[in-house]
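1. Could you work out the structure for the sequence below:
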Amino acid sequence: QVQLVESGGDLVQPGGSLRLSCVASGNIFSIYGMGWYRQAPGKQRELVARITTGGSTEYADSAQGRFTISRDSAKNTVYLQMNSLKPEDTGVYYCRFTAVAGSPHDSVTHYWGKGTLVTVSS
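-> Presented below is the predicted three-dimensional model:
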């Protein structure tokens, strides 16, 4: 199995910055992609940004130009640099890895972390 642990969430004032990290551990055979998702209070979980192992990125419109996703494949880690934070960025941020774990014959699976809370408020 694969375990994901997020960190970096905090209370920050509007206009501030945070850097989230997510480390994957376990019997990982191969990783196909990594992503960050946000769940605001009372809302569904939504994509914030994702990155493939080849380095291609995709951002939600709300994150474009302010957030940057990056990865360190050697460390099985994905980051989310968040700048110019707004109150509407508040929520629990979850990372997701799309990977094959165990053996090369196992299925591609989405693995989720437990989330880290980001609160943007003055």
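2. Hmm, Pro104 is touching Asn27, no?
-> No: counting by CB atoms under 8 Å, Pro104 does not reach Asn27; the two are 11.6 Å apart. Using the backbone N, CA and C atoms, a C-beta is placed for each residue, glycine as well.
3. Tell me which of the two has more neighbours.
-> In terms of neighbours (other CB atoms under 10 Å), Asn27 is the more surrounded of Pro104 and Asn27; the figures are 11 against 7.
4. Report the separation between that one and Asp61.
-> Remark: distance between Asn27 and Asp61 (CB to CB, to the nearest Å) = 37 Å.
5. With Val5 instead?
-> Val5 is 28 Å from Asp61, by CB to CB.
6. Neighbour count for these two, which is higher?
-> Comparing Val5 with Asp61 by other CB under 10 Å, the one with more neighbours is Val5, at 14 against 6.
7. who's in contact with that one?
-> Applying CB atoms under 8 Å, 6 or more residues apart in numbering, one finds that Val5 lies in contact with 22-23, 25, 113-114.
8. Now distance to Asp72 and secondary structure too, for the residues you listed, in TSV please.
-> Shown next, in TSV, are those (distance: CB to CB, whole Å; DSSP: H, G, I helix; E, B strand; the rest coil):
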residue	distance to Asp72	secondary structure
Cys22	11	strand
Val23	9	strand
Ser25	14	strand
Gly113	16	coil
Lys114	21	coil
